[in-house]
Each structure stands twice: as C-alpha cells, then as structure tokens.
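Peer 1: Make a model of this:
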Amino acid sequence: MRAAEHFMPDTAEIAVKPKLSAKDEVRALLDRLPDSATLEDIAYHLDVVIKVLEAEASDPSNDIPHQEFVKYFEDKWRTR
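Peer 2: Residues are numbered from 1 along each chain as shown. Have a look, this model is predicted:
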C-alpha cells in the first residue's frame with residue numbers, strides 16, 4: 001500500500017466544495033495533508049485533485065454508456 005493512500009480526503013469533501021482558484025486548490029490540499037507529508041505525497045494528491053477537476057469539467061456526452069461498455073468487454077472476454 002502506498003504511503004499516500006493514508007491521506008486520502010473524504011470524497012464527499014471534494015464533491016461539495018465551491019469552485020476555487022488553482023492556488024486556492026493547492027492551499028486547500030496542503031491544509032488537508034499532515035505536516036509529515038512528503039513531496040511525493042503532495043504530488044500524488046495534486047494529481048488526484050487535477051483528475052477530479054478534469055472529470056467534473058468533462059463533457060458527459062463524450063462518455064460511453066455503461067451498458068455499451070459492459071457489452072464491449074463481455075464480448076472481448078468471451079472471445080479469449
């Protein structure tokens with residue numbers, strides 16, 4: 001298990017927070033991490049924040065419907 005996994009914020013905190021500037025996002029991240037966090041921990045969690053923000057901003061019309069996704073992989077697995 002990665003050391004960084006011990007510092008994962010509650011996903012509910014991420015979902016309800018108001019839109020922040022990039023600098024405020026980093027400040028909030030640093031406030032959530034313990035003082036013992038390493039640069040690797042900070043980089044990992046910053047990457048998580050970026051991925052969450054990108055997912056929130058993505059266009060849902062580009063998503064593959066769940067049933068299509070499941071069918072694709074079921075068909076692929078059956079051919080093995």
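Peer 1: Which strand or helix spans residue 75?
Peer 2: helix 66-78 (DSSP states H and E).
Peer 1: Return that helix as PDB; C-alpha atoms alone will do.
Peer 2: The C-alpha trace of helix 66-78 is given here as PDB (Å, rounded to 0.1, in the frame of the first residue of the first chain):
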ATOM      1  CA  HIS A  66     -22.400   1.900 -19.200                       C
ATOM      2  CA  GLN A  67     -24.300  -0.900 -20.900                       C
ATOM      3  CA  GLU A  68     -22.200  -0.400 -24.100                       C
ATOM      4  CA  PHE A  69     -19.000  -0.500 -22.100                       C
ATOM      5  CA  VAL A  70     -20.100  -3.700 -20.300                       C
ATOM      6  CA  LYS A  71     -21.100  -5.400 -23.600                       C
ATOM      7  CA  TYR A  72     -17.800  -4.500 -25.300                       C
ATOM      8  CA  PHE A  73     -15.800  -6.100 -22.500                       C
ATOM      9  CA  GLU A  74     -18.100  -9.200 -22.200                       C
ATOM     10  CA  ASP A  75     -17.700  -9.800 -25.900                       C
ATOM     11  CA  LYS A  76     -14.000  -9.300 -25.800                       C
ATOM     12  CA  TRP A  77     -13.600 -11.700 -22.800                       C
ATOM     13  CA  ARG A  78     -15.800 -14.400 -24.400                       C
END
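Peer 1: Can you list the buried residues in that helix?
Peer 2: Within helix 66-78, no residue qualifies as buried by neighbour count (16 or more other C-beta atoms under 10 Å). C-betas here are computed from N, CA, C, even on glycine.
Peer 1: Quick check: mean pLDDT of it?
Peer 2: In this model, helix 66-78 carries a mean pLDDT of 76.
Peer 1: Just name whatever secondary elements it is in contact with.
Peer 2: Using 3 or more C-beta pairs under 8 Å, 6 or more residues apart in numbering; DSSP states H and E as the contact test, no helix or strand touches helix 66-78.
Peer 1: how far out from the middle of the chain is it?
Peer 2: Computed by C-alpha atoms, centre = their mean, to the nearest Å, the chain-centroid distance of helix 66-78 equals 24 Å.
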